[in-house]
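Enquirer: Using only what follows, build the 3D model:
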Amino acid sequence: MGMFDVGDKTDTLRHATAQAIVRTRPETIILVKEGRSPKGNIVDAARISATMAAKRTWDLLPYCHPIPIDQVRIDISVKEDAIEVIAEVKTTWKTGVEMESLTAASIAALTIYDMLKPIDETMWIESVRLLKKGGGKKSFYEKYDKPLKAAVLVISDSASKGTRADKSGKLAADRLTASGFEVVDYRIIPDDVAAIESSLKVACDELNVDLVVTSGGTGLGPRDVTPEATIKVLQKEIAGISEALRNYGQRRTPLSMLSRGVAGLRGKTVVVNLPGSVRAVSESLDALIPGIMHASKMLGGHGH
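Expert: So this is what the prediction gives:
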């Protein structure tokens, strides 16, 4: 038990909005509107306390992560027999801000209660609830009528000879399947430019898959030739994919910068080189999905 590990998640824009309602007597509302509450300005105090609470949620709730808060917006509405608090919180980080918005709304309601309790013993906090939340990687997942097709190519002399069992390629196939892809081809080939080039052409031109993922052969070793073979079959390079994978990996290991993997298009197939280690493949797929799924929409002429 404890805090969830969010180390493998990517930073994305996330937002949440919560509401709290404090019920009170109409005559109490009149005092609030006239500025005659005994402890001062209710609205300003509630807004300030809510903002402070959003920023200190991780101090109050033991399993909440300390996260960077990009924006806190608190709206206080004084109605005929109630005071409504709306708390909006935004962040660009690995996990959401629903608890921050709920904490902000709750503390604002408690502040209002504390400031009005000398004049209204009938007052109560009617509700605190989440109105909406959004953002995160799930918001970028595309919906398709049928699964996108993928192929996984493992580039390894030892695995192709049977002297080493493949783990990274199987991991890639499992992760792609779990993400909604149909893996129609999985094969192991040696570290040979001609063999890699031929297999890539089959996957792109004959199988017509939407995505080809290769694993292995992207390092600095004398037999690491996957990028060279891939470049020969690409018609357009997508440098942003390779940059994103290396940047994501570099934040976790100083060795990621040594990967020479490339990415690009052949026809309407996206080809992406991944490193050969299981950990590197897992991290690369964390960075790759679901952004790569949007490529098919763009290739279909739908743009962004």
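Enquirer: Which elements pack onto the biggest helix by length in the chain?
Expert: When the chain is parsed with DSSP state H, its longest helix is helix 98-116. Helices and strands touching helix 98-116, by 3 or more Cβ pairs under 8 Å, 6 or more residues apart in numbering; DSSP states H and E, are strand 12-23, helix 42-55, helix 57-60, strand 71-78, strand 82-93, strand 124-135. From N, CA and C alone the C-beta is placed, and that goes for glycine too.
Enquirer: Low-confidence regions, the stretch 201-304 of the chain specifically.
Expert: Across the stretch 201-304 of the chain, the ranges flagged by pLDDT under 70 are 294-304.
Enquirer: go with 90
Expert: The stretch 201-304 of the chain contains residues with pLDDT under 90 at 244, 247-258, 277, 279, 283-284, 286-304.
Enquirer: hey, where'd the helices end up in it?
Expert: Remark: helices assigned in the stretch 201-304 of the chain by DSSP state H, counting those that start in this stretch are 226-233, 239-250, 278-288, 294-299.
Enquirer: and for the first one, what are the contacting residues?
Expert: This means helix 226-233. Contacts of helix 226-233 with the rest of the structure, by Cβ atoms under 8 Å, 6 or more residues apart in numbering, involve 155, 191, 193-194, 196-197, 200-201, 204, 214, 216-218, 237, 260-262, 264, 266, 271, 273.
Enquirer: ok so, going back, mind checking how far the longest helix of the chain is from the chain centre?
Expert: Helix 98-116 sits 28 Å away from the centroid of its parent chain (Cα atoms, centre = their mean, to the nearest Å).
Enquirer: Touching stretch 125-139 from outside, list them.
Expert: Against stretch 125-139 from outside (Cβ under 8 Å, 6+ apart): 9-10, 12-23, 82, 86, 96-98, 101-102, 105-106, 109-110, 113, 289-290.
Enquirer: How far away from the center of its chain is it?
Expert: 16 Å.
Enquirer: what mean pLDDT does that stretch have?
Expert: In this model, stretch 125-139 has a mean pLDDT of 84.
Enquirer: can you check stretch 70-87 too?
Expert: Average pLDDT, stretch 70-87: 96.
Enquirer: What strand or helix carries residue 176?
Expert: When elements are assigned from DSSP states H and E, residue 176 belongs to helix 168-178.
Enquirer: other SSEs contacting that helix?
Expert: strand 148-155, strand 181-189, strand 211-215, helix 278-288.
Enquirer: my read is residue 64 is in a helix, agree?
Expert: No - with DSSP: H, G, I helix; E, B strand; the rest coil as the criterion, residue 64 is located in coil rather than a helix.
Enquirer: what about it, distance to residue 58?
Expert: 5 Å (Cβ to Cβ, to the nearest Å).
Enquirer: Thought residue 270 was touching residue 262, still the case?
Expert: No - here residue 262 does not reach residue 270: they are 11.7 Å apart, not a contact under Cβ atoms under 8 Å.
Enquirer: between these two, who's got more neighbours?
Expert: residue 270 (26 against 22; other Cβ atoms under 10 Å).
Enquirer: Just put the helices and strands packed on helix 98-116 in a markdown table and tack on mean neighbour count and distance to residue 187.
Expert: Putting the helices and strands packed on helix 98-116 into a markdown table (neighbours: other Cβ atoms under 10 Å; distance: least, Cβ to Cβ, whole Å) gives the following:
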| stretch | mean neighbour count | distance to residue 187 |
| --- | --- | --- |
| strand 12-23 | 21 | 34 |
| helix 42-55 | 20 | 51 |
| helix 57-60 | 15 | 47 |
| strand 71-78 | 16 | 49 |
| strand 82-93 | 22 | 39 |
| strand 124-135 | 14 | 38 |
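Enquirer: Take these and lay them out in TSV including distance to residue 230.
Expert: Listed next are the helices and strands packed on helix 98-116 as TSV, based on distance: least, Cβ to Cβ, whole Å:
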stretch	distance to residue 230
strand 12-23	28
helix 42-55	47
helix 57-60	44
strand 71-78	42
strand 82-93	32
strand 124-135	33
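Enquirer: mind giving me the domain split of the protein?
Expert: Domain assignment for the chain by automatic domain parsing gives 12-136, 141-299.
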